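Peer 1: I would like the atomic coordinates for the input below:
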Amino acid sequence: MDFSYSPRTQELQARLSAFMAEHVYPAEPRWFAEIEAHTRAGRRWSPLPVIEELKPKAQAAGLWNLFLPPRAEGHGPDTSHLGAGLNNQEYAPLAEIMGAVPWSSEAFNCSAPDTGNMEVLARYGKPEHQQRWLQPLLRGEIRSAFAVTEPAVASSDATNIETSIKRDGDHYVINGRKWWSSGVGDPRCKIAIVMGKTDPDAPRHSQQSQILVPLDAKGIEVVRMLPVFGFDDAPHGHAEVLLKDVRVPAANLLLGEGRGFEIAQGRLGPGRIHHCMRTIGVAEAALEKMVKRLQSRVAFGKRIAEQTIWDERIANARIDIEMTRLLCLKAADMMDKVGNKVSQLEIAMIKVQAPIMALRIIDDAIQAFGGAGVTTDPGLAKAYAHQRTLRLADGPDEVHRRAIARLEYGRYKAAAK
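Peer 2: Next up, the predicted model:
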């Protein structure tokens, strides 16, 4: 394995780091100020001007749609002309840089769930889907949602989903209740990819389909926006959505009836590792904040950094980040070379490891900040809340550990024969 970055990746790293230093880091106080101003004005779900002003600058700098690979697992339509054409290993260090300021990904049009949805539309969408939805998403003009999880069932097993998608002439009629539909709170969110059952009597993994549902369709009700540990993540947010007799054209079905799991696996592999890449950046940012705090505060007659208990915590943080980065790069490298299915062990391992690693470091950083750590001032409380949700998002830890264990059992079972 060669984990050295390509010349193009190194160039993009340098350009992205320079852009962050010149435009993004100085904009962080403004971002917080605009959030507070929108709250006072009762405009929680309005787009933030600071991000909208950064977008054309990122486009002009050639730092736009960095996430989109040339094609899906070496086959399918060539999408190089739509984005940067980077593979997973090339994109990993760039996602890490953006992860240091979580909201910055949107400024480069690299934020979830739009990234995964754009990949779905690029790989599985019809030309009319790509013209109507993909092109505006690629330009950053609209946003999108991905509606899978449901409140009435254990969605860690996606075969449990109950939303029905029934054919009725030239339309499909959709009925169901979804939640954690990220992005629905944003007024620019115009389209959702909804997963439901087209044939409940088919084989277990052939019952589900995915369909494009415009959010202005009749019968869609946003029941509530869901807080995450008290944060509502406005203007992005996560919604509970009711779909009641929602009719959409039959042409909106993606790929065909019963192929929902096939699409999901194509989408969730890259989506999971993108989260992990950004998580490494989150952990690096938390470690930096922790070290600077320890070096600047005095307690009991000496700097907190000189209290030896912190040596172990700082050392462990650095070790954990470096090990996690290598595992992430290995998973990305395998996805590029042999595809998502063969890389399922590495994807599962990094999806478990990355948020747990980040949570340990953020927790220590909160401790270093004392009372300030649990306020919104250093941003650690929100970072902790977000990373804790990643132990559930895109499959809970238990599901990924189960997959890891089964693959391990299989190795020794095969060896015993």
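
Peer 1: Against Glu322, how distant is Ile309?
Peer 2: 21 Å (C-beta to C-beta, to the nearest Å). (C-beta placed from N, C-alpha, C; glycine too.)

Peer 1: ok, these two, which is more surrounded?
Peer 2: Between Ile309 and Glu322, Glu322 has the larger neighbour count (other C-beta atoms under 10 Å), namely 11 against 8.

Peer 1: Could you check which helix or strand contains that one?
Peer 2: helix 309-338 (DSSP states H and E).

Peer 1: That helix packs against which elements?
Peer 2: Other helices and strands packing on helix 309-338, by 3 or more C-beta pairs under 8 Å, 6 or more residues apart in numbering; DSSP states H and E, are helix 88-99, helix 260-296, helix 344-369.

Peer 1: Helices of the stretch 1-150 of the chain, residue ranges please.
Peer 2: 7-19, 28-40, 49-60, 88-99, 104-107, 114-124, 127-129, 135-138 (DSSP state H, counting those that start in this stretch).

Peer 1: Arrange these in JSON lines, one row each, with mean neighbour count and mean pLDDT as further columns.
Peer 2: Formatted as JSON lines, the helices of the stretch 1-150 of the chain follow (neighbours: other C-beta atoms under 10 Å; pLDDT from 0 to 100):
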{"stretch": "helix 7-19", "mean neighbour count": "15", "mean pLDDT": "96"}
{"stretch": "helix 28-40", "mean neighbour count": "14", "mean pLDDT": "94"}
{"stretch": "helix 49-60", "mean neighbour count": "16", "mean pLDDT": "96"}
{"stretch": "helix 88-99", "mean neighbour count": "24", "mean pLDDT": "95"}
{"stretch": "helix 104-107", "mean neighbour count": "25", "mean pLDDT": "96"}
{"stretch": "helix 114-124", "mean neighbour count": "24", "mean pLDDT": "92"}
{"stretch": "helix 127-129", "mean neighbour count": "13", "mean pLDDT": "94"}
{"stretch": "helix 135-138", "mean neighbour count": "18", "mean pLDDT": "94"}
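
Peer 1: shaky segments in the protein?
Peer 2: 1, 71-81, 269, 414-417 (pLDDT under 70).

Peer 1: which one in it is furthest away from the centre?
Peer 2: Gly301 (43.9 Å; C-alpha atoms, centre = their mean).

Peer 1: can you list the helices and strands packed on helix 309-338 in CSV and add distance to Arg247?
Peer 2: Formatted as CSV, those follow (distance: least, C-beta to C-beta, whole Å):
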stretch, distance to Arg247
helix 88-99, 38
helix 260-296, 19
helix 344-369, 36
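
Peer 1: Go through these and name the closest to Asp336.
Peer 2: helix 88-99 (5.2 Å; C-beta to C-beta).

Peer 1: and the angle from that closest one to helix 114-124?
Peer 2: Calculated by axes from the mean of the first three to the mean of the last three C-alpha atoms, to 10 degrees, helix 88-99 forms an angle of 150 degrees with helix 114-124.

Peer 1: what's near enough to touch Leu66?
Peer 2: Leu12, Leu16, Gly83, Ala84, Leu86, Tyr91, Leu94, Phe108, Cys110 (C-beta atoms under 8 Å, 6 or more residues apart in numbering).

Peer 1: From Gln10, how far out is it?
Peer 2: Leu66 is 14 Å from Gln10, by C-beta to C-beta.

Peer 1: do the same with Arg303
Peer 2: Distance from Arg303 to Gln10, by C-beta to C-beta: 36 Å.

Peer 1: same thing with Arg267?
Peer 2: Relative to Gln10, and taking C-beta to C-beta, Arg267 is found at 29 Å.

Peer 1: dump the residue contacts of Ile220.
Peer 2: Taking C-beta under 8 Å, 6+ apart, one finds Val213, Val241, Leu242, Leu243, Val246 in contact with Ile220.

Peer 1: what about the spatially closest residue to the third one that is not a sequence neighbour, neighbour count?
Peer 2: Nearest non-adjacent residue to Leu242, counting by C-beta to C-beta, 6 or more residues apart in numbering: Glu221, 4.3 Å away. Other residues near Glu221 come to 12 when the count uses other C-beta under 10 Å.
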